[in-house]
Structures are given as C-alpha cells and as structure tokens.
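J.: sequence plus the predicted model coming up.
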Amino acid sequence: MFKNYKNALERWGGVHTVIDHLLEQRRALLVAFIELQDACDDDLTEVSKARIDRFSEHLMDYISSGHFKVYPQLAQEAKAFNDAPAVGLAGKLLERLDMSTELTLAFDDDYATPVRCEHNMARLPAWLDRLAKGLTERFALEDQLVARLHAVNSPQQAAPGTA
C-alpha cells in the first residue's frame, strides 16, 4: 500500500490541491496503519487503545474527506469536461465508498470503548487484514479516477497521436 502511495504522489503531487489533500491524508493513514500493524506484530497484548484510536481517527478522516469533499469535486470536474468514462469511473468509486464506509464504521464501532476494545483485541490483526484489502482497492480506484482526470486535463492529451 505504501509503495502505491509513493507512486501516486510522484505522479500527481502538486497537480491539484484536492489531490494533494487526498494524498496527504492517505500518507497519514498509511503511517498510522503501519504503526498499528507493527505494534500488533510485536505484541498484541501491548497495543493501546490510544494507538487504535489514532489509527481510527485517520481512517475516519480519510473516508469522510473522500466521501464528502474529494469525490464529489472530482466527479464534478469530470462532468465539467464532459468526460463520460471518468463520470462512470466516479460512479463506480462512489458505489464502493459505501462498502468501504461500512467497513470503517464497523471497525470504529468494534474499538470505540475500552471494554469493546479489550473484548475485540484478539480480532485486531484480522481487522487490519480486511482493512488493508479494502483500502488497497479503494486507493486503486481513486488512482484510476485521478489518472483519468489528469489525462483529460493534461495539455499533452491535446496533441495528435498521444494516448
């Protein structure tokens, strides 16, 4: 996941403030994810609720920002450029948001209180595996949408013979 983040940053960093914001939030989420995953690998019994809360906060911020700010703006830009494939991709991404949001809310709920956190601690590595798969898919869809919009807005696309 982190390698994909670095690739996205290299390709689109500085292109658009919304994309920059998305990539910065993705970086923060990935750092928190890796820290929590490493803590689980070291000694699951020593993982603190504070560390889980820190990760959960980044996760909720990322999901919320995408759902309420980034995707609507990118979809609007696709419509403004009359880019039907990008609009379709945005629609597909928005459908997947619901699944990702439900997964995120379920995770947050399972670790919301100290009692629930303690009760669900043994399940944390499995949760992280599920979240890793869901986030990897989400990042890939986001990257497809950004790449599509970037290609449409790129001056090089206007040149004959470019793809």
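T.: The structure has been received and is ready for your questions. Numbers count the residues shown, from 1 in each chain.
J.: pLDDT below threshold where in the protein?
T.: Scanning the chain with the threshold set as pLDDT under 70 gives 1-15, 150-163.
J.: next helix or strand past the helix or strand where Pro72 lies?
T.: For Pro72, the element it lies in under DSSP states H and E is helix 71-80. Using DSSP H and E, the next helix or strand after helix 71-80 towards the C-terminus is helix 84-110.
J.: that next one relative to helix 71-80, how many degrees between them?
T.: Counting by axes from the mean of the first three to the mean of the last three Cα atoms, to 10 degrees, helix 84-110 lies at 170 degrees to helix 71-80.
J.: who does helix 84-110 touch, helix- and strand-wise?
T.: helix 49-65, helix 71-80, helix 114-120, helix 124-153 (3 or more Cβ pairs under 8 Å, 6 or more residues apart in numbering; DSSP states H and E). All C-beta spots, glycine's among them, are computed from the backbone N, C-alpha and C.
J.: just send the ones you listed back as a markdown table, with mean neighbour count and distance to Gly88 too.
T.: Conversion of the helices and strands packed on helix 84-110 to a markdown table gives the following (neighbours: other Cβ atoms under 10 Å; distance: least, Cβ to Cβ, whole Å):
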| stretch | mean neighbour count | distance to Gly88 |
| --- | --- | --- |
| helix 49-65 | 17 | 22 |
| helix 71-80 | 17 | 9 |
| helix 114-120 | 12 | 38 |
| helix 124-153 | 17 | 10 |
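J.: let me have the ones you listed in a markdown table, adding distance to Leu30 as columns.
T.: Converted to a markdown table, these look like this (distance: least, Cβ to Cβ, whole Å):
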| stretch | distance to Leu30 |
| --- | --- |
| helix 49-65 | 9 |
| helix 71-80 | 19 |
| helix 114-120 | 22 |
| helix 124-153 | 8 |
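J.: nearest to Phe107, out of the ones you listed?
T.: Between Phe107 and these, the tightest spacing by Cβ to Cβ is seen for helix 124-153, at 5.7 Å.
J.: residues touching the helix holding Pro72, excluding its own?
T.: Contacting residues not belonging to helix 71-80 are listed as 18, 86-87, 89-91, 93-94, 97, 145-146, 148-149, 152-153 [Cβ atoms under 8 Å, 6 or more residues apart in numbering].
J.: what do you get if the cut-off is 7 Å, keeping everything else the same?
T.: Applying Cβ atoms under 7 Å, 6 or more residues apart in numbering, the contact partners of helix 71-80 are 18, 86-87, 90, 93-94, 97, 145, 149.
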